[in-house]
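**Q** Here's my sequence, what's the structure:
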Amino acid sequence: MNINISNADGKPIYLQIADQIKTQIFDGRLKEGEMLPSMRNLALELRISFMTTKRAYEELERDGFIESYTGKGSFVKAQNAELFREEQIKAIEALFVDVGEKARKIGLTMDELHEMLDLVNGGE
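**A** Sure, this is the predicted structure:
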């Protein structure tokens, strides 16, 4: 499993792990029923505390992305397509909030923002 931890990221490490696993589930790199690395193995691989990976897995289980079974491990849970869509919309909205704040600080107009969005989307 490919997870990159950044100390420069403002997010706690457990959330970075959880978010990257969610992304891998959403984009199909992790499939329904696939076993995740044990919390201990992931902690060793990432060179972080076991408690950090435990918290990440607890977050994923609470949000309905994985199922954990004592003595067996943690597995990717079947995903609801609507849940995926909602999660992605929330992420996009958060980006728009950040973009809006930055645009206001430098005085960009809505027309300029629309033009930028059109350019990023290939002129559509």
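
**Q** Going by C-alpha atoms from here, please, whenever you check contacts or count neighbours.
**A** Fine.

**Q** What sits closest to residue 57 if chain neighbours are left out?
**A** Spatially, and ignoring its direct neighbours in sequence, residue 57 is nearest to residue 18 (7.0 Å; CA to CA, 6 or more residues apart in numbering).

**Q** can you tell me the helix or strand for that neighbour?
**A** For residue 18, the host element (DSSP states H and E) is helix 13-26.

**Q** now stretch 50-69: mean pLDDT?
**A** Averaged over stretch 50-69, pLDDT sits at 95.

**Q** any idea how far it is from the chain center?
**A** Computed by CA atoms, centre = their mean, to the nearest Å, the chain-centroid distance of stretch 50-69 equals 13 Å.

**Q** quick one: contacts of it?
**A** Here stretch 50-69 makes contact (CA atoms under 8 Å, 6 or more residues apart in numbering) with 13-15, 17-18, 22, 39-40, 42-44, 74-79.

**Q** And the buried ones among the residues you listed, selectable in PyMOL?
**A** Applying 16 or more other CA atoms under 10 Å to the contacts of stretch 50-69 leaves a buried subset, and the PyMOL line that selects it is:
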select buried, resi 13+14+15+17+18+22+39+40+42+43+74+75+76+77
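
**Q** After the helix ranked longest in the chain, heading C-terminal, what element do we hit next?
**A** Assignment by DSSP state H gives helix 81-106 as the longest helix of the chain. Downstream of helix 81-106, the first helix or strand assigned by DSSP H and E is helix 110-120.

**Q** and that next one with helix 81-106, angle?
**A** Comparing the axes of helix 110-120 and helix 81-106 via axes from the mean of the first three to the mean of the last three CA atoms, to 10 degrees yields an angle of 130 degrees.

**Q** Show me which residues of helix 110-120 are buried.
**A** In terms of neighbour count (16+ other CA under 10 Å), helix 110-120 has no buried residues at all.
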